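Visitor: What follows is a predicted protein model with its sequence.
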Amino acid sequence: MAKKEIPFDEAMLQLEQIVRQLEQGDVPLENAIELYQNGMELSKLCSDKLQSAEKQLVSFMGENKEEAGKTDE
């Protein structure tokens, strides 16, 4: 799998497809290993994107609280 940046939604769709293929159980071992590796990469990418979004939200909420505190003075 190429290490290009893909949108979160697309990564999740690809990950779901990989899970479905692996759950069917009729994938040759070599292909299953490759699918598993791709799935792990997609899983990490999704996790990283979610953590980044969470940090942005926490930062944004902190900024809003600071601004709200300044207007109350």
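Guide: Thanks, I have it.

Visitor: For Leu45, give me its contacts.
Guide: Leu45 makes contact with 6, 11, according to Cβ atoms under 8 Å, 6 or more residues apart in numbering. To be clear about C-beta, it is placed using only N, CA and C from the backbone, and glycine gets the same treatment.

Visitor: quick one: low-confidence parts of this structure?
Guide: When residues are selected by pLDDT under 70, those of the chain lie in 1-4, 70-73.

Visitor: mind checking the longest helix of the chain?
Guide: The longest helix of the chain (DSSP state H) is helix 29-71.

Visitor: Please name the nearest non-neighbouring residue to Gly39.
Guide: Closest residue in space to Gly39, ignoring its immediate chain neighbours: Ile18 at 4.3 Å, by Cβ to Cβ, 6 or more residues apart in numbering.

Visitor: looking at it, that neighbour is touching Met40, isn't it?
Guide: No - checked against Cβ atoms under 8 Å, the pair Ile18 and Met40 is beyond contact range at 9.5 Å.

Visitor: ok, the two, which is more surrounded?
Guide: Ile18 (21 against 12; other Cβ atoms under 10 Å).

Visitor: I'd like the distance between that one and Val27.
Guide: Per Cβ to Cβ, to the nearest Å, Ile18 is found 10 Å from Val27.

Visitor: Report the set of residues contacting both of these two.
Guide: Taking Cβ under 8 Å, 6+ apart as the contact rule, Ile18 and Val27 both touch Leu35.

Visitor: quick one: the helix or strand Gln21 falls within to helix 29-71, angle?
Guide: Under DSSP states H and E, the secondary-structure element containing Gln21 is helix 8-24. With axes from the mean of the first three to the mean of the last three Cα atoms, to 10 degrees as the basis, helix 8-24 and helix 29-71 are set at 150 degrees to each other.
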